[in-house]
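Participant: Following is a predicted model, sequence given first.
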There are 2 protein chains.
Amino acid sequence: MGKPDATDGVLRALAEPRRRTILRLVAHTEMSAGEIAAAFEISRTAVSQHLTVLKSVGLLTERREGTRRIYRARSQGLAGLREFLDEMWGDALDTARQLVEAERGLSDTDERVRRAG
Amino acid sequence: MGKPDATDGVLRALAEPRRRTILRLVAHTEMSAGEIAAAFEISRTAVSQHLTVLKSVGLLTERREGTRRIYRARSQGLAGLREFLDEMWGDALDTARQLVEAERGLSDTDERVRRAG
DNA sequence: GGCTAACGTTAGCCGCTACTGACGCTTGGG
DNA sequence: CCCAAGCGTCAGTAGCGGCTAACGTTAGCC
């Protein structure tokens, strides 16, 4: 419920293979813009634009450190997409999602892993 | 043979708002191509092309009945996307998988990142 | 066969999007 | 101050992707 527009932007952002690669790169660790750009063969400018897109739809977090900008994936940005998936999957997995949400509440970025058992 | 990443096609298909609407329409019931087209204001041709795309990436099932073609969402086509989500979300479902991998002894994942100390 | 209904397919147009190259901005150091 | 490092931003361009209109195809009825 909330904004259907949010899911639209997220899906358009994820439709690009390189943007998905970027997300995977910074899924569990941080990286500077330069480090991320070094992982591709396209120009640094193109990567910067991808970073802008990902950040604008809430899939990326930016932190400044001197002249460098450190990026990190923001898993919360995928919440709307998960809702969309569950809506059409209509499975027992929806129950699991409720358990997870109830457990983590509104806590923010944290790599800690917890069992839902 | 085969496609290295079926998720790519699925995400590109889902990036279109009308295709998502189509999927929602036939998520729990069947509909003919004409009925689906009637739900939009674009031409029937455009809807037919959307149906072709959705079918080509495995998100739709087609059944013929006389001159009509009946469509229905194929939730199995979203399995790969769900894996992608879990990979970056790191929720309880993914945790269970990680535990299994840990028991097997840290086999093959190469997404390990070096941590600059 | 002739005709209609219900679709898919093709050709062409047009807007969007990802790319490159040049430039501007901010930070830190001499 | 000047200069370099590190990035973002601004034109400009090539190509992809979705749209319409016309045409082709299959199924059923008379």
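Facilitator: Perfect, I can see it now. Worth saying up front: this structure is predicted, and the values here are computed from it rather than measured.

Participant: Could I get the buried residue list for stretch A:44-51?
Facilitator: A:47, A:50-51 (16 or more other C-beta atoms under 10 Å in any protein chain shown). Every C-beta, even on glycine, is put in place using the N, C-alpha and C of the backbone.

Participant: Would you mind confirming that A:D8 makes contact with B:P17?
Facilitator: Yes. Assessed by C-beta atoms under 8 Å, A:D8 is found in contact with B:P17 at 5.9 Å.

Participant: neighbour-wise, which of those two wins?
Facilitator: The neighbour comparison of A:D8 against B:P17 (other C-beta atoms under 10 Å in any protein chain shown) goes to A:D8, with 17 against 14.

Participant: Please identify the helix or strand for the more buried one.
Facilitator: helix A:4-14 (DSSP states H and E).

Participant: Please apply the same query to A:G80.
Facilitator: Going by DSSP H and E, A:G80 is in helix A:79-89.

Participant: Counting by contacts, list what that helix packs against.
Facilitator: For helix A:79-89, the packing partners by 3 or more C-beta pairs under 8 Å, 6 or more residues apart in numbering or on different chains; DSSP states H and E come out as helix A:4-14, helix A:93-104, helix B:17-25, helix B:79-89.

Participant: Mean pLDDT lowest where, among those?
Facilitator: Of all these, the minimum mean pLDDT falls on helix A:93-104 (a mean of 49).

Participant: Retrieve the pLDDT associated with the closest residue to DNA strand D within chain A.
Facilitator: When scored by C-beta to the nearest atom of the strand, chain A has A:G34 as its residue closest to DNA strand D, at 2.3 Å. Per-residue confidence (pLDDT) for A:G34: 97.

Participant: Quick one: residues contacting it.
Facilitator: By C-beta atoms under 8 Å, 6 or more residues apart in numbering or on different chains, the contact list for A:G34 reads A:44, A:68.

Participant: Can you name the helix or strand that it falls in?
Facilitator: Element membership of A:G34 [criterion: DSSP H and E] is helix A:33-38.

Participant: What separation is there between the residue most central in space within chain A and chain B?
Facilitator: Among the residues of chain A, the one closest to the centroid is A:L59, at 3.5 Å (C-alpha atoms, centre = their mean). Applying C-beta to the nearest C-beta, to the nearest Å, the value for A:L59 to chain B is 9 Å.

Participant: quick one on the thing from earlier: going on from the helix holding A:G34, what's the next piece of helix or strand?
Facilitator: helix A:44-56.

Participant: What residues of the helix holding A:G34 count as buried?
Facilitator: Applying 16+ other C-beta under 10 Å to helix A:33-38 flags A:33, A:36-37 as buried.

Participant: cool, and stretch A:59-79?
Facilitator: A:59-61, A:69-79.

Participant: Quick check: beta-bridge partners of A:T61?
Facilitator: Counting by DSSP bridges, A:T61 forms beta bridges with A:R72.

Participant: so it touches A:R69, yeah?
Facilitator: No. Applying C-beta under 8 Å as the test, A:T61 and A:R69 come out as separate, 10.5 Å apart.
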